[in-house]
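sequence and predicted model, in that order:
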Amino acid sequence: KLDRKLDDLEPEERCILEVFHNQELVDKIVEFFSLEERKNLDKFDSRKFMLWKGLFRNFGETALKLLRPHIERLSLAENESSQRCGAEMIAGLIRGAKHWTWEMTERLWEWLVPLLRKILLHVTVETVGDWGTCMATASDSRDPNRIHWLLEVMMEEPLRSQGSFLDSSRLYMLQGAMAQQEWRCGTLLKNLKSFLGPFLNHPYHNVRERIGSILTNIYACDIQYESTEGALPSCPTVEEFVTELMPRLEVMQTEPDPELYNFHKASAKQLDLGPEFLASLPKDFKDVVSQFVPGSMPLPGFLPCPPELMGLPPRFIAPPPGGTGARQPPPGASVPMLNGAVPMNRPPHMMMPMRPGMMLPRPGFAPPRPGMMPPNLPMDETTRMMLLQSMSAHLPMDIRARMPFAPLTEGGAPGLQDLRPESSTHPGLPNEDGSAVDVSKKTAVLDSHVSSDPELQKRWEERQAGVRLLQTVCKFVIGILSRNLYPLKPELFEFLPMLCLNESNELEPELAKDCTSALSVMSGSLLSPELVEKAAEAVAQVCQSQSWKAKVCGLEFLQVQIFTNFAVFLSVPSSGATQTLIDTVIAMLQDSQLEVREKAGSVLGGLFHCGFITPKQRADMTASFINSANKKLKKWKDDGKMDKATWQNKYNQALIKRHSGVLGLCSVVSACPYDIPDHLPEVLMVLGDHLHDPNPIPGTVKRVLQDFKRTHQDNWTEHKERFTEDQLNVLTDLLVSPSYYA
């Protein structure tokens, strides 16, 4: 029975409840639990959680009435340890109320739901992990129907564009609550998938990482059962997700265009809003700009804005003085402002007006102390124009109309006025010395930074949207293969070509790093026998790419995947996947790019060494490599039968053919690092004949001979018996450098 009277309790329980009827003692206990024990090391304490859980479970609403003010105060406090204590109490309350009556539960959530909404807005960087643990602990081993209030609060528009931290923290807390339910809330998972779909290319990196992690939980139950009975049709499937994403990722299936990145660099050149810029402004306007421009002398009573807010359009919260509905600050109070400064005791006529779309700062916002801002912070042209236009909002219309930039357009993009060449000065806007302002030079600078190619701008935006989306996909692939309980899905191979294409993208280093991580996880994942053929076809498709870097990446992926799933590949010889992979490597030996040929030779040596290629196949390949290595290279003859361009093309093809044969023979040698099989002496003799071929063949031969000497020199006394006397003399000449005095 819950809510028992004091007389109904056992003596052991009565003394506990008597303690919590003593308000002074309760205050001291809560204060003690909210103390910080170890600076920056304290975490959500499961022992304290168990204490609160047992208290609310045994004494019901009686304990809650005494602790409710403390829970509200601690949960909304700015202090890290206080919020942590509030998270422990709320988790204990939700878990302890498991067996409360319906009326008690309804009253509990009627009070707790508004409090949770406030908590979501007061999470700090230090406590986001504690609140995530709180939600996960409260949802653990609970029927989602019994805590639907909690899940509904977490699902209330998790992304609200309130900043990267608030959005990512809300998603983290939502993930903690949803991950514990797994298959129990398939409908909620589908709703969450639909909501997150448009935000997969979110502009903030930490939000995209969190979305990718949540997608792992959404598709955690996509398990194929042998029978339909007991299946989970309500859970989302990876196949549907990949099908929806592929059209949006079409832009990432081609190599990045350097022209786009050069265009972006040219259009985003940074200007320095320092003293030189101030000197070129009219006097009336300079007084306003000097209040906000970094590096300039601020007006008395102003502090510089925090670094993370510099470079953004200013947003003010001070309303215009007077007028219907105007909110005035109390007398003597400071007016907090974002992105410029904090005026202290400013007169009403100096306040900036509130405009639509401006946001209020979060509670507790405080600017840094003077001297913390670096001078002359650079800004791109669009940001600079928006800054100047916002600051000129309160100037008289006749002055504003003669400024060298137009008001903000409906879409929010700044524009330039049509300044005619003959109008090089602005009449009526004097400098401090009374002379007119010469804006021709400044206008030229502005014009040089304004994009004049909307088509390139559109392509740039599409490319960046694709880059962000692919980064989210990388996080999803890493999570779904490393955290979920099922093997690699065949649909994930649809991402393989674009992952290999962007793995070495020097223009997007962060994307390249994410693609490398995703490929490493994919290549090291276990394949089912039914998926072997699909994997081989995917690698073969990558090796047909136009990008040689994608081919190199595909060969590396093939190598790791074969070694990881060696037994699986050899267990299904009838599928043809093994031969497909071998043919792919052999074809890459004749690629026009040197790096691809060398990588294919290295991979082929590994396949020889581990026995992936049978001895009969190796013998046939060795004979083919010898024929290719002996390919004749015709010299140029000016006899009129063939022009030089045609001869050069055929010569290059013949040289590639010969080099592919040499690489194949080198892979045969590198596959035997510790012994001398019967076929190896002949191969070494053939390689020795190509030491004086055109480049790059000699370098390839020298490297393999050096490796052969290094790996066989310890037991050379035994190894040299496998050679004939003539072969040994030739090999000695190849391996031993001639004396200077010979």
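On my side now, so go ahead. All of these numbers come straight from a predicted model, not from anything done at the bench.

alpha carbons only for contacts and neighbour counts from here, please
Will do.

distance check, residue 671 against residue 680.
Going from residue 671 to residue 680 by Cα to Cα, to the nearest Å gives 10 Å.

more neighbours: which of these two?
Taking other Cα atoms under 10 Å, residue 671 and residue 680 do not tie; residue 671 has more neighbours (19 against 16).

tell me the mean pLDDT for the helix or strand harbouring residue 567?
Using DSSP states H and E, residue 567 sits in helix 566-571. Helix 566-571 shows a mean pLDDT of 88.

low-confidence ranges in the protein?
By pLDDT under 70, the weakly predicted segments of the chain are 1-7, 162, 225-233, 267-452, 574, 638-640, 737-742.

what residues sit buried inside stretch 536-553?
For stretch 536-553, burial by neighbour count (16 or more other Cα atoms under 10 Å) applies to 536-540, 542-545, 548-553.

could you do stretch 684-702 as well?
Across stretch 684-702, burial judged by 16+ other Cα under 10 Å covers 684, 687-688, 690-691, 697-698, 700-702.

again with stretch 637-657
Quick answer for stretch 637-657 (16+ other Cα under 10 Å): 647, 651, 653-657.

count of neighbours near the residue nearest to residue 122 when sequence neighbours are not counted?
Counting by Cα to Cα, 6 or more residues apart in numbering, residue 122 lies nearest to residue 76, which is 6.2 Å off, once chain neighbours are set aside. Neighbour count for residue 76, taken as other Cα under 10 Å: 19.

test my guess that residue 683 contacts residue 670.
No - shown here, residue 683 and residue 670 do not form a contact pair, counting by Cα atoms under 8 Å, at 11.2 Å.

would you list every one of the strands in this structure?
Applying DSSP state E to the chain gives strands spanning 270-272, 315-316, 337-338, 378-380, 425-430, 436-438.

hmm, back to that, confirm for me that the residue nearest to residue 122 is in contact with residue 124.
No - contact criterion Cα under 8 Å: residue 76 and residue 124 do not qualify, at 10.4 Å.

contacting residues around residue 209?
Going by Cα atoms under 8 Å, 6 or more residues apart in numbering, residue 209 touches 472, 475.

skip the chain neighbours and tell me the closest residue to residue 698.
Once flanking residues are discounted, residue 698 sits nearest to residue 691: 4.7 Å by Cα to Cα, 6+ apart.

before we move on, what about residue 632?
Per Cα to Cα, 6+ apart, closest to residue 632 is residue 654, 7.2 Å.

measure the one you found to residue 648 for me?
Shown here: residue 654 relative to residue 648, a distance of 10 Å by Cα to Cα.

can you tell me which helix in this protein is longest?
helix 454-482 (DSSP state H).

buried residues in it?
Applying a neighbour-count criterion of 16+ other Cα under 10 Å, the buried positions in helix 454-482 are 456-457, 460, 463-482.

please apply the same query to stretch 102-120.
Neighbour counts over stretch 102-120 (16+ other Cα under 10 Å) mark 104-105, 108-109, 112, 116, 119-120 as buried.

ok so, going back, got the buried residues for the helix holding residue 567?
The neighbour-count check on helix 566-571 (16+ other Cα under 10 Å) flags 566, 568-569 as buried.

what would those look like in a markdown table with distance to residue 167?
A markdown table is the format used below for the buried residues of helix 566-571 (distance: Cα to Cα, whole Å):
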| residue | distance to residue 167 |
| --- | --- |
| 566 | 44 |
| 568 | 43 |
| 569 | 45 |
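
just name the closest of the residues you listed to residue 38, please.
Distance to residue 38, by Cα to Cα, is smallest for residue 566 among the buried residues of helix 566-571, at 49.6 Å.

skipping adjacent residues, who's closest to that closest one in space?
Distance criterion Cα to Cα, 6+ apart; nearest residue to residue 566, sequence neighbours excluded, is residue 612 at 7.9 Å.

just residue 168 next, same as before
Nearest-residue entry for residue 168: residue 207, 4.9 Å, with adjacent residues in sequence omitted and distances by Cα to Cα, 6+ apart.

identify the residues contacting that neighbour.
Counting by Cα under 8 Å, 6+ apart, residue 207 has contacts 164-165, 167-168.

from these, which land in helices?
Cross-referencing the contacts of residue 207 against helices under DSSP H gives 164-165, 167-168.

closest one of the residues you listed to residue 53?
Closest to residue 53, out of all of the ones in helices among the contacts of residue 207 and judged by Cα to Cα, is residue 168, at 28.3 Å.

isn't the closest one up against residue 213?
No - Residue 168 is beyond contact range of residue 213, at 11.0 Å (criterion: Cα under 8 Å).
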